[in-house]
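Enquirer: Show me how the following folds:
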Amino acid sequence: MSTVIMEKPKDMRNFSAEEMADFLNSFDTIMSDCDGVLWHLYTPVSGALDTLKTLQSFGKRVLFVSNNSTIFVEDYVKKFKKMGFEATPDQIVIPSLVILAYLRKIKFEGKALVIGTTSFRKFFENAGIDVITAPTSVPESLDALPDIVKLDPDVKAVIFDFDINLSWAKIFQASLYLARKNVIYLTGALDKNLLVAKDLLLLGIDQFSDILIERSGKKPIECAKPSEQLENYLFENYQISDATRCIFVGDSLLADMKFAKSCGFKSIWVGSGVDTPESCEAQKTVPMADYYLSDLGVLNELIKTSRANRNDQPSGQD
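Expert: Predicted coordinates:
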């Protein structure tokens, strides 16, 4: 049996001026993750948004594709503006949008048990979905159990995303609903870890979703990276006709780089977030990416240097 040797991503710092020009002319759309790529909580990654401004000035379409649905799209727009980037709502794609699009596509009728942040739940309420919530806390007595196991017969979906107030009661009630044959299971980000600050990894919902899968025997319809539903959403809503003319920037190998590969996009892995060269070396993992940068801000400096050396303009076409 032959052994398949995976090539390491090309370090873009080693590009010649000609290679950089070829790279810039190889794509029309650039999609970027946010947490760990553009910022760490409220601290921007130096130069990252300047890179996207530069690419936008070249006529590249810039989209932001994040697994973080804990805030509204409007909050993303405000956050970008505070960091000096004028983003528009249609540039931002998060799992809540994908979940809603799926519900509308299947002409969903009924109530939905939504587990997530307040903003996540309100998003669906504002969109006209009849939302119910599981109890956040219950008395420490078996007498409280009847209220948890009493189910609403009109619930036809469980929607599960990151919830900082996740509890035993919420997980248990969700499992009871999912045990019903006519209840579908939809999830946002199933990341194992969520990077919110440079040195702060939060526990994601992946492990808790596994509990629901085990108890109900029902696999979720995933709507975040690296899911097929998100891929469909991007191709349909942004009229992507040639995947090879798109490039995806991300810090997570399991979410971002895997998603880029499944879509047929080119990919840039940055070491400013969840996965780093050091962590990959420790785990003996070969990153599945086309290019590597220590952070996205480096690309802007590389572009400036290559343009100074070539003294030309990228055409945006092959």
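Enquirer: where are the low-confidence patches of the stretch 151-300 of the chain?
Expert: Applying pLDDT under 70 to the stretch 151-300 of the chain flags residues 196-198.
Enquirer: check contacts around the most centrally placed residue in the chain.
Expert: Nearest to the mean C-alpha position of the chain, by CA atoms, centre = their mean, lies residue 67 at 2.6 Å. Residues near residue 67 by CB atoms under 8 Å, 6 or more residues apart in numbering: 33, 94, 95, 188, 189, 191, 224, 225, 255. In short, each C-beta sits where N, CA and C put it, glycine included.
Enquirer: which one of those has the most neighbours?
Expert: Ranked by neighbour count (other CB atoms under 10 Å), the contacts of residue 67 have residue 95 at the top, with 30 neighbours.
Enquirer: So that one sits against residue 221, correct?
Expert: No - between residue 95 and residue 221 there is no contact under CB atoms under 8 Å: 11.2 Å.
Enquirer: Now the common contact residues for those two.
Expert: residue 187.
Enquirer: Would you reformat the contacts of residue 67 as a markdown table and include distance to residue 147 and secondary structure?
Expert: Shown next, in a markdown table, are the contacts of residue 67 (distance: CB to CB, whole Å; DSSP: H, G, I helix; E, B strand; the rest coil):
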| residue | distance to residue 147 | secondary structure |
| --- | --- | --- |
| 33 | 40 | coil |
| 94 | 33 | coil |
| 95 | 30 | helix |
| 188 | 27 | coil |
| 189 | 30 | coil |
| 191 | 32 | coil |
| 224 | 31 | coil |
| 225 | 36 | coil |
| 255 | 37 | helix |
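Enquirer: where's the residue of the chain most remote from its centre relative to residue 109, distance?
Expert: Distance from the C-alpha centroid of the chain, by CA atoms, centre = their mean, peaks at residue 143 (40.6 Å). Distance, residue 143 to residue 109, using CB to CB, to the nearest Å: 35 Å.
Enquirer: ok, and the closest non-adjacent residue to residue 187?
Expert: Once flanking residues are discounted, residue 187 sits nearest to residue 220: 4.2 Å by CB to CB, 6 or more residues apart in numbering.
Enquirer: try residue 251
Expert: Spatial nearest neighbour of residue 251, excluding adjacent residues (CB to CB, 6+ apart): residue 273 at 2.6 Å.
Enquirer: Report whether the expected contact of the one you found with residue 37 is present.
Expert: Yes - Residue 273 is within contact range of residue 37, at 6.0 Å (criterion: CB under 8 Å).
Enquirer: Kindly point out which residues are neighbours of both of those two.
Expert: With CB under 8 Å, 6+ apart, residue 273 and residue 37 have common neighbours 250, 251.
Enquirer: Would you mind telling me which of the two has more residues around it?
Expert: Neighbour comparison, residue 273 and residue 37: the larger count goes to residue 37, with 27 against 23 (by other CB under 10 Å).
Enquirer: for that one, what are its contacts?
Expert: Contacts of residue 37 by CB under 8 Å, 6+ apart are 45, 48, 249, 250, 251, 270, 272, 273, 295, 296.
Enquirer: Am I right that the third one is in a strand?
Expert: When you say that, I think you mean residue 249. Yes - using DSSP: H, G, I helix; E, B strand; the rest coil, the assignment for residue 249 is a strand.
Enquirer: what about it, how many neighbours?
Expert: For residue 249, using other CB under 10 Å, the count is 29.
Enquirer: Isn't it up against residue 296?
Expert: Yes - with contacts counted by CB under 8 Å, residue 249 reaches residue 296, the gap being 6.0 Å.
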